[in-house]
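S.K.: sequence and predicted structure, then a few things I'm wondering about:
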Amino acid sequence: MRKDTDFETLIRHLLEGQYSNPVRVVAFNAAEGWSRDVSDEVADELHKRCADRGETPPSLLEFLERHDLGQPIQLLLPIA
């Protein structure tokens, strides 16, 4: 696996805004001869990380709306 195309790097690049207006994320495994749409899984992880950060990059808004599966997200609440 190339290090610059792994899941964590992709998530980091999306959060940094390195991709403008992403539409879909497709995973490929050439060795096994398959590909599949992983947009929903990526969106779930981005939802969690954006909730942790307390902000969503503008470049991800449409992607996250398009792939919103209605999964509940546990928000962090500050303890006073």
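M.R.: Okay, I see it. Computed from a predicted structure; not experimentally measured.

S.K.: now the strands for the protein?
M.R.: Secondary structure of the chain (DSSP state E): strands located at 26-29, 34-37.

S.K.: quick one, which of those strands is nearest to residue 52?
M.R.: strand 26-29 (23.7 Å; Cβ to Cβ). Every residue, glycine included, has its C-beta placed from N, CA and C.

S.K.: ok now the closest one, how far from the chain's centre?
M.R.: Offset of strand 26-29 from its chain centre (Cα atoms, centre = their mean, to the nearest Å): 15 Å.

S.K.: same thing with stretch 8-22?
M.R.: Averaging C-alpha positions (Cα atoms, centre = their mean) puts stretch 8-22 8 Å from its chain's average.

S.K.: okay, how far is it across it, tip to tip?
M.R.: Taking Cα to Cα, to the nearest Å, the first and last residues of stretch 8-22 lie 16 Å apart.

S.K.: for the chain, longest helix please?
M.R.: When the chain is parsed with DSSP state H, its longest helix is helix 39-53.

S.K.: what is that one packed up against?
M.R.: On a contact count with 3 or more Cβ pairs under 8 Å, 6 or more residues apart in numbering; DSSP states H and E, helix 39-53 meets helix 7-16, helix 61-66.

S.K.: now mean pLDDT too, for these, in JSON lines please.
M.R.: Shown next, in JSON lines, are the helices and strands packed on helix 39-53 (pLDDT from 0 to 100):
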{"stretch": "helix 7-16", "mean pLDDT": "94"}
{"stretch": "helix 61-66", "mean pLDDT": "92"}
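
S.K.: pipe the ones you listed into CSV and attach mean neighbour count and distance to residue 31 per row.
M.R.: Shown next, in CSV, are those (neighbours: other Cβ atoms under 10 Å; distance: least, Cβ to Cβ, whole Å):
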stretch, mean neighbour count, distance to residue 31
helix 7-16, 15, 17
helix 61-66, 14, 28
